[in-house]
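# sequence first, predicted model second:
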Amino acid sequence: MKDYQDRTIKIALPKGRFLSPTANMLAEIGLEFEGYSSDAKQYRLSSKKLSSVSAKILQEKDIPIQVAVGNYDLGICGLDWIEEFVVKYPTGALVKVSSLNYGEGGIYVATSSLSGIANLADLSTQRRDYRIVSEYPNLAEAFALKRRIRKFRIFPVWGAAEAYPPENADLAVFWGKDGAYVAARGLLPLKKLLSVTAFLIANRESLESKDLSDILACFSSQLTVDLRTSEENESDIFRELKIYDIPWSAKEINLALPDGHQQSPTVQFLKRAGLVFDGYSEKVVSRRPSAELEWLGVKVIRPQDMPQQVANGNFDLAITGEDWLLDHLYRFPASPVEKLLTLGFGTVKVVAAVSQEMPVNNIDDLRVLIQKNPELIKSPLKVASEYTNIADKHLRDNHIHPYKLIPTWGASEAFLPDDADMLIDNTQTGKTLKQHKLKIIDEIFQSSACLIANKNSLMSSDKKDKVELLTQKLRAALE
Amino acid sequence: MLESPRSELGFKTGLAYHQNQKILVNVKVLRILESDREMTNQKCKGMRDLLPEDMLRFRCIEDVFRSCCRSWGYQEVKTPTLEFLYLFTAAGTLTPGMLSKVYSFLDWDGWSGERVVLRPDGTIPVARLYIDNLSGQELARLFYVTNIFAFEGTGKENRERWQCGAEFFGGAKFAADVEIILLAKEIIRKLGVNNVELQLSHAGLVRALVKELKLGADEEAAVTHSVLEGDWRALTKAKSASPEFSKLLGALLNLKGRSSNFLHNIRASFPKASNDFKSSVADLINVTALLDSVDCAYEIDIGTIHGFEYYTGVCFQFLATGEKVGGGGRYDKLVPLMNGKEIPACGFALYVDPLMRMLPPQEEKQNGLAILVKGRELTPETVRLSFRLAESLRSAGYITELDFADREGSSYRWVIVVSGKEPSPFMLKDCLQKRRREVASTTEVLKALSEG
């Protein structure tokens, strides 16, 4: 049971796309939080106006879950992440208070004009095995079931869903500002699944039992009845869209390169190997850079998604991190993915860390503490990690139990100490951990960038020579 | 994966950095209560233990079901717990409502994104088994006892349920329909369940009625889904209903026919109805006429059938004291839809969980005859004699327990104390007659027992 005498009101505020519009809105309604800006140093913030209100900055995806389980009374995030959660876990614990009328966009189902899908009806009638790629796997699955798609597979990805069709997926379900946004990425929108705005959500128990009136009063000017735009005739609107052509043709060998932090060191490494791709440099991000080798297809996707995409044959080779490879192999032990080279850049340590105030110095201490003094640690131990499979295995191997895993989308340190007891995450220098009053109790392994390959491509007589050629070029750059 | 709200208490408790001592104590007390409860209830939500008494009822149902099915020429099969999700996603298999409650996940080799499910239905896996293994057979009468899994939000209802089902592949209309109805009925009767009603409908009628609405493809699908989920008002709420249609619908939804004459009346009242509608009514007339001829009572109530998309013909359900205990019907399109050959098929399932509640308490058949063989001490000689005696008793058909810890049981018919001391190594206690006597050999023990 929650302690309703507790007057503290906790609100979860979003990072990323909604951070600055949310900060502006909060300033407008007189509910500013010190330090809520894109260069925020701390995750925990206090309200300038209401002393009883504290806030925490979280990844948007985490906010619906955190509010539903009652770690926060209120939260602000996009309707897309709320629906992604609710469609899978139709819990009554989450109340959608109101749209906040900013951050407009939509979740679109889109296909490539090269996919042979002209409209929605095709999906139910064609006898095909549809590959659906999405950052929103639950919404994508609900859509596929509702459309009665005979056979489908969902590829959950961390991002860049729009880059997958036509060759790596038949359908992509992703966020876009409007139909033109989708068309500009070379895809044909088939359906707008959901209109998205920023939303204020509340935990049901908090709303029923706790006095939230002061903070809700601040929002009163923003609380409007959900203004859903009338259902436009989508297909008519979509018909007028100019779909940009994707510069795509089938290639013999497909290579995936990382975006994000790994992009810049990867570019430098490829230069040393004598491989230059038009559209993949320190500054430029094109999803489909072109290669001088006419038989080589290159695509830029998230490193987290690469092992699975190599396993299912969408790519023959990829440059990703050893951390993501290991996380994949722990989940799919027989996966046909193999590490060919350790590339030595982008090195991080994957560590387990706890609050500095927890009286343990290593994982054995922690096990003893849980066994001998279960009252000191609330049971089960809550572990936040973006590497769910590595974390699971590490905890099992060290006989830590009972535990609960909280999957995160990076920045697990934000969860400690109130919403989790331990994190398993990567760190370069350990500085961020210290800054958040955390200490490392276990170094699990060191991870650097690596070249991975699909085992079947290595054995295929059509492919193996070319794969070997590329591997040699990359190996040469190591020395 | 998700946590419960109560877990907010935190490891603040003992770690000195919580300021308020009063709250600390309360939190500690609360935690102890919680941990007690957690220790005694470690079962997953919606899952259920079957205790010895439950299993007696369970086996009783299973035994009756098996023996009836065998005597009708059905053969037992078992399908795996895991199946591919796509078997169940194609239109014409399960409704979207049921699909939203399946336990689906990626297997350890699921990197390709192919999902598997814990079996959410009994019929579709058996249809797959037939297609994979037996499709050379023109006729296949199969039965199974299986668990099925469906998520249920509150966790108060069972998420794992048991059913006894039979499927008849190759059985054409209408004798096969009658066969499975009568088989199901015989099983329920032999179980001794009272106040049983049989309700009939036709899946084609539902579709024909929705067609009469003349809706767009999307809306037609939506209304069909609502009806299959049990919401018949969706039919009357749809805008395009003509007065004539409302009249037809009103008649059908409100009337409960008790003989095939009712159906003749319906047919005569709606001369302009669609051909689909007429042929569905004709199917029902054929089946009811056969049921009339074998004096099988039924009620025609087209509003009772829902939940499955694969039915194509006559459907039925059994109610006992108003509770649904079984159902089935004809599904001629399912096998072809799953890439099998064109073959007519029908089947039923009885729901074990409600039936278990309806059975009287069951007793172990030989409970009254249970014997305790009690070794006086734990020496090699006494142990040898005791196990050997127990083996002889079991071979003679007695349930025999062993004890070497001087446990005084009261629920035994006989207690045999094994001292191992010649000339009378055994002491036979008659717990019913309150007598005891010394016995020299196993043969003598068996003789004394048979004399009672």
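Noted; the coordinates are in hand.
# quick check, pLDDT for the spatially most central residue of chain B.
Among the residues of chain B, the smallest C-alpha distance to the mean C-alpha position (Cα atoms, centre = their mean) belongs to B:Gln163, namely 2.1 Å. B:Gln163 carries a pLDDT score of 97 in this model.
# secondary structure element for it?
strand B:160-169 (DSSP states H and E).
# just checking, what packs against that strand?
Contacts defined by 3 or more Cβ pairs under 8 Å, 6 or more residues apart in numbering or on different chains; DSSP states H and E place strand B:160-169 against helix B:52-71, helix B:123-129, strand B:140-149, helix B:175-190, strand B:345-351, helix B:352-358. For glycine as for every other residue, the C-beta is placed from the backbone atoms N, C-alpha and C.
# please parse chain A into its domains.
Taking automatic domain parsing as the criterion, chain A consists of the domains A:9-102+A:197-219, A:105-195, A:253-346+A:449-478, A:348-444.
# close to chain B, is the second one?
Yes. Using Cβ under 8 Å from any Cβ of the partner chain, we find that domain A:105-195 touches chain B at A:121, A:124, A:131, A:142, A:144-146, A:148-155.
# could you give the average pLDDT over that domain?
91.
# then stretch A:207-216?
When pLDDT is averaged along stretch A:207-216, the result is 88.
# ends of that stretch, what's the gap?
The stretch stretch A:207-216 measures 10 Å between its terminal residues, going by Cα to Cα, to the nearest Å.
# would you mark the buried spots in that stretch?
Neighbour-count burial for stretch A:207-216, counted by 16 or more other Cβ atoms under 10 Å in any protein chain shown, picks out A:Lys210, A:Leu212, A:Ile215, A:Leu216.
# check stretch A:33-51 too.
When neighbours are counted by 16+ other Cβ under 10 Å, the buried residues of stretch A:33-51 are found to be A:Phe33, A:Tyr36, A:Ala40, A:Tyr43, A:Leu45, A:Ser47.
# looking at the residues you listed, which are in strands?
Those of those mapping onto strands are A:Leu45, per DSSP state E.
# report the lowest-confidence entry in the buried residues of stretch A:33-51.
Taking these together, the minimum pLDDT is found at A:Ala40 (77).
# quick check: it vs chain B, distance?
Computed as Cβ to the nearest Cβ, to the nearest Å, the A:Ala40 to chain B distance reads 24 Å.
# and A:Thr429, by the same measure?
27 Å.
# before we move on, back to that, of the helices and strands packed on strand B:160-169, which is nearest A:Tyr136?
Ranking those by proximity to A:Tyr136 (Cβ to Cβ) places strand B:140-149 first, at 25.1 Å.
# neighbouring strands of that closest one in the sheet, and parallel or not?
The pairing partners recorded for strand B:140-149 under DSSP bridges are strand B:75-76 (parallel), strand B:160-169 (antiparallel).
# what stretches of the stretch 301-450 of chain A score poorly on pLDDT?
Within the stretch 301-450 of chain A, the set of residues satisfying pLDDT under 70 comprises A:376.
# need the nearest residue in space to A:Gly192, chain neighbours excluded.
Careful, residue A:192 is Lys; it's not Gly. For A:Lys192, ignoring the flanking residues on the chain, the nearest one in space by Cβ to Cβ, 6 or more residues apart in numbering or on different chains is A:Gly106 at 4.6 Å.
# give the contact list for the one you found.
By Cβ atoms under 8 Å, 6 or more residues apart in numbering or on different chains, A:Gly106 lies in contact with A:Trp175, A:Gly176, A:Lys177, A:Asp178, A:Lys192, A:Leu193, A:Leu194, A:Ser195, A:Val196.
# so which of the helices and strands packed on strand B:160-169 is the most packed in?
Highest mean neighbour count among the helices and strands packed on strand B:160-169 (mean count of other Cβ atoms under 10 Å in any protein chain shown): strand B:345-351, with a mean of 25.
# name the residues that touch it?
Identification of contacts with strand B:345-351 by Cβ under 8 Å, 6+ apart yields B:61, B:65, B:122-123, B:126-127, B:161-171, B:176-177, B:180-181, B:183-184, B:187-188, B:313, B:316, B:318, B:324-332, B:334-335.
# try it again at 7 Å.
Residues external to strand B:345-351 that are found in contact with it (Cβ atoms under 7 Å, 6 or more residues apart in numbering or on different chains): B:65, B:122-123, B:161, B:163-169, B:171, B:176-177, B:180, B:184, B:187, B:324-332, B:334-335.
# ok, stretch B:225-232 next?
For stretch B:225-232, using Cβ under 7 Å, 6+ apart, the contacting residues are B:Thr95, B:Pro96, B:Gly97, B:Val206, B:Val210, B:Ala234, B:Leu235, B:Leu253, B:Gly303, B:His306, B:Gly307, B:Glu309.
# against A:Arg147, how distant is the second one?
When distance is defined by Cβ to Cβ, to the nearest Å, B:Pro96 is 9 Å away from A:Arg147.
# thanks again, I'm all set now.
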